[in-house]
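Student: Next input, structure requested:
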Amino acid sequence: MIDVSELRRLYRQYGFEEADSYEPGIHVFTYRSGHFHNADIIKTGPKGDEEKVFNEFKKTGYACKFRSYTTTQSIEKTLFRGFFSAESTRKKLKREYSRYTDSIAKTHSDNGKYEYIRSHYTINDAVGTRSVVNEIYSRLKSTKPALFLIEAAAGFGKTCTAHELLNEIIENSDDMVPLFSELARNRQAKIFRYVFLDEIDRSFPLLRSSLVRSEIQNGNVPVILDGFDELLPQSKTAEDNDGYEHTEPMLDTISELLTKSAKVILTTRRTAIFDGDNFHSWVEKHDEDFEIYRIRISEPTIEDWIPPARLDALKLVNFPIDRLSNPVLLSYLRCISNTEFDAAIANPNSIVDKYFSSMLERERRRQDLRVLPQDQYAILKTIANDMMERNYTSESKEYISDVILKNHYELLDQSRKQYQPEERPTLGELVTKLSGHAMLDRSNENGQGIGFVNEFVLGNFCAEIIIDDTSNEWAGFERFIEPSVIATIARADDTKQNLWNALEFSLEFLPVTDKVLYTIMLTDRLDIDLCDGSVENIEIKSVDIGKSNSINNFIFIGCCFSDVTLVGKNMDKVSFINCRFFNCGFEHDEEGGVIHALGCDSDNPNLLLALQQRAVDDTTIVRKFPDAEIFVLEKFWPKGRPTFHKHRPIRIVCANSAQIGQDEILEAIASLRRQRFIRDGGKNSVLELNLEHISEVKTMLGRS
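Tutor: Coordinates of the predicted model:
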């Protein structure tokens, strides 16, 4: 038996009005939209004449339809599929997925075939065992709301993963219609609430936004927002609270959606905002409201991309494979013909140049474009320069065309003369060809503008522009630094060094993690001073730490070190927390300072013993540093807060204090662990307050 009150509620939610049927057990719900008047006739009891009601409403101009429901769920499913045009919407999204994958597969070859690369990843700091897509999809039908935060560096597969998840839902779920948006394309207001409403209107133009929001909360419309970082403020430091203050309203808008069974998936570049104390407090605030899954995608591996035969050929010619951890170049080496492949690996330093030459020559054939490759390159570089000056990555086709015409009028006029008179395009037609270049993303179905086809291409031009700055003190928008670095890794050593020299001034204003990563990527060294800060969850390979630089009052949390030599003479008050060491060494020096290794693993036990010998004797901790223990416990129960935090990230607990040194804080953590006041939390790099001793903690902190 159908619950009549639920029947009425659901139909009213979709904008229907109930009409009187004058027949017992028969309900009629009408819906008017323009010239179309519809009536659903539903029989809920044994009595009543359906045909009579049908004919009466048909005479008054309604398109009538009998509906037969057995459960409340069947009502919901029928209304949802009808109003959200489930089949046609899925077909539209499938075309969007195909258009995206074709643009990747056919970039280098007309016969190219797209294949999603399953990257390594972690989920809530645990190593993932499936694929990122399966990890998320398996949780979409959970009854509890969930936020999935997919973090990765530029070019590591965030957008591919978002599209692959979209396709997985389309192919395997009949009762879901995703809301999919690439936020980099939306040049509307940067206030997230309005951007999100704009995306709802774009995806479902015939539906009320309140109805769409309701179905999002019911879990029927999973939200996939690719490029969330495009709307984030460009914070300059990890402690930049102003950056979070601008981000918090965006997160609050998302948290308003995350009720009932809602699922929201965000992709974003790694940013300090999501590692800060404010974000962790926001997570704890909503700990009981919805699940939060942080998924971090690692850099692609060569083995995942290159067929074994070509990989053997690369090794045979001593090709610097480590420089090619970039999906664009790996895709290029996988897709090109054998002849082109042999030519590309003959001169490893020119691999990027060959990639661009191949693309530009191919574009001449594809569009019958009589613009020389070097001139095409100059035009694209001009577009990138305008982006960097005006801080955008996507604009209208009209705007991009205007940039081309304004800066290259003479070049275009000369190029027109390369055509026969009867085939010669107008200036406008030639500009149209260039604005539809293969290196520009010309998918403009939704009128949201065009930009470069991927971060690598954008970064290549940005890197050249930064290096061209003769002041060596480039200070542009932070948004363009990461793609510049990623695109330069495969270049020759002198090019990488030139970019680092040009960026050295700007790196001082970046989060420490970015500064460390970019320095290693571009110089293959870590010879910058590190003081009063921390880095978290990064991989450091084949460098010396502390050999030619000073490291003082600094924390490495959850980091993985491979083939690294730690040099003690220039290290003092340095802590390694929950880190892993593989094939690493430690150079002792009596002049060095205090080093802590807390919760670390190593394939060489002697390394951890050597590091622990540099820590202060634990027997003096309780007697010597009671203030430090109070400092640590107050991170769990701050002054003025009525209740305590049960979990705190180690990074936040170890945040620098003007009164208490980092070594004292680490020793206090060790002491409190021994006393069982705190213990390791369920997640990596998280501490937990032991509630069995909460009364003693209250006494120590003077809490009533």
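Student: need the strands for the stretch 51-200 of the chain, in chain order.
Tutor: 63-67, 121-123, 126-127, 146-151, 179-182 (DSSP state E, counting those that start in this stretch).
Student: Please identify the pairing partners of the last one and their relative orientation?
Tutor: It stands for strand 179-182. When pairs are called by DSSP bridges, strand 179-182 turns out to pair with strand 223-226 (parallel).
Student: Quick one: mean pLDDT over the partner strand.
Tutor: For strand 223-226, mean pLDDT is 94.
Student: which outside residues touch that strand?
Tutor: 158-159, 162-163, 165-166, 178-184, 199, 216, 257, 262-267 (Cβ atoms under 8 Å, 6 or more residues apart in numbering). C-betas here are computed from N, CA, C, even on glycine.
Student: Can you flag which of those belong to helices?
Tutor: 158-159, 162-163, 165-166, 199, 216, 257 (DSSP state H).
Student: which one of those is nearest Asp524?
Tutor: Lys158 (26.1 Å; Cβ to Cβ).
Student: And the pLDDT at that closest one?
Tutor: For Lys158, pLDDT reads 88.
Student: number of nearby residues for it?
Tutor: 25 (other Cβ atoms under 10 Å).
Student: from what I can see it touches Ile150, true?
Tutor: Yes - the pair Lys158 and Ile150 qualifies as a contact (Cβ atoms under 8 Å) at a distance of 6.0 Å.
Student: just to revisit the earlier point, Ile467: which of the strands of the stretch 51-200 of the chain is closest?
Tutor: Here strand 146-151 is closest among those (Cβ to Cβ), at 28.2 Å.
Student: Can you give the strand pairings for the closest one, parallel or anti for each?
Tutor: Here, using DSSP bridges, strand 146-151 pairs with strand 263-268 (parallel), strand 291-297 (parallel).
Student: which secondary structure elements does the helix or strand following the longest one contact?
Tutor: Right, the one you point to is strand 291-297. Sequence-wise, the next helix or strand downstream of strand 291-297 (DSSP states H and E) is helix 302-305. Counting contacts by 3 or more Cβ pairs under 8 Å, 6 or more residues apart in numbering; DSSP states H and E, helix 302-305 is packed against helix 327-335.
Student: With just CA atoms, put the helix it packs on into PDB.
Tutor: Output of helix 327-335 as PDB, limited to C-alpha atoms (Å, rounded to 0.1, in the frame of the first residue of the first chain):
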ATOM      1  CA  PRO A 327      51.500  12.400 -18.900                       C
ATOM      2  CA  VAL A 328      51.700  14.600 -22.000                       C
ATOM      3  CA  LEU A 329      55.200  13.400 -23.000                       C
ATOM      4  CA  LEU A 330      54.500   9.900 -22.000                       C
ATOM      5  CA  SER A 331      51.400   9.800 -24.100                       C
ATOM      6  CA  TYR A 332      53.400  11.300 -27.000                       C
ATOM      7  CA  LEU A 333      56.000   8.500 -26.700                       C
ATOM      8  CA  ARG A 334      53.300   5.900 -26.500                       C
ATOM      9  CA  CYS A 335      51.200   7.000 -29.500                       C
END
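Student: buried ones in that helix?
Tutor: 327-335 (16 or more other Cβ atoms under 10 Å).
Student: what do you get for stretch 594-606?
Tutor: 594-600, 602.
Student: where do the helices sit along the stretch 51-200 of the chain?
Tutor: All helices of the stretch 51-200 of the chain, identified by DSSP state H, counting those that start in this stretch, fall at 72-83, 86-105, 132-137, 158-172, 192-203.
Student: picking that back up, just say which of the strands paired with strand 146-151 is most tucked in.
Tutor: Comparing those by mean neighbour count (mean count of other Cβ atoms under 10 Å), strand 263-268 ranks first with a mean of 24.
Student: re earlier: overlap in contacts of Lys158 and Ile150?
Tutor: 267-268, 297.
Student: picking that back up, turn the buried residues of helix 327-335 into TSV, including distance to Glu667 and pLDDT.
Tutor: Converted to TSV, those look like this (distance: Cβ to Cβ, whole Å; pLDDT from 0 to 100):
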residue	distance to Glu667	pLDDT
Pro327	44	69
Val328	47	74
Leu329	47	77
Leu330	46	80
Ser331	50	78
Tyr332	52	80
Leu333	51	83
Arg334	52	81
Cys335	55	78
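Student: Of those residues, just say which sits nearest to Thr382.
Tutor: Val328 (21.1 Å).
Student: Could you tell me which residues make contact with the closest one?
Tutor: Contacts of Val328 (Cβ under 8 Å, 6+ apart): 155, 355, 454, 456-457.
Student: picking up where we left off before, of all the strands paired with strand 146-151, which lies closest to Ser85?
Tutor: strand 263-268 (20.6 Å).
Student: by how many degrees do that closest one and helix 158-172 diverge?
Tutor: Relative orientation of strand 263-268 and helix 158-172, computed by axes from the mean of the first three to the mean of the last three Cα atoms, to 10 degrees: 150 degrees.
Student: Other residues contacting strand 263-268?
Tutor: Looking at strand 263-268 with Cβ under 8 Å, 6+ apart, the contacting residues turn out to be 136, 139-140, 145-152, 158-159, 161-162, 165, 216, 219, 222-229, 232, 254, 257-258, 274.
Student: if you set the cut-off to 7 Å instead, what comes out?
Tutor: 136, 140, 146-151, 158-159, 161-162, 165, 219, 222-229, 254, 257-258 (Cβ atoms under 7 Å, 6 or more residues apart in numbering).
Student: Fine by me, thanks again.
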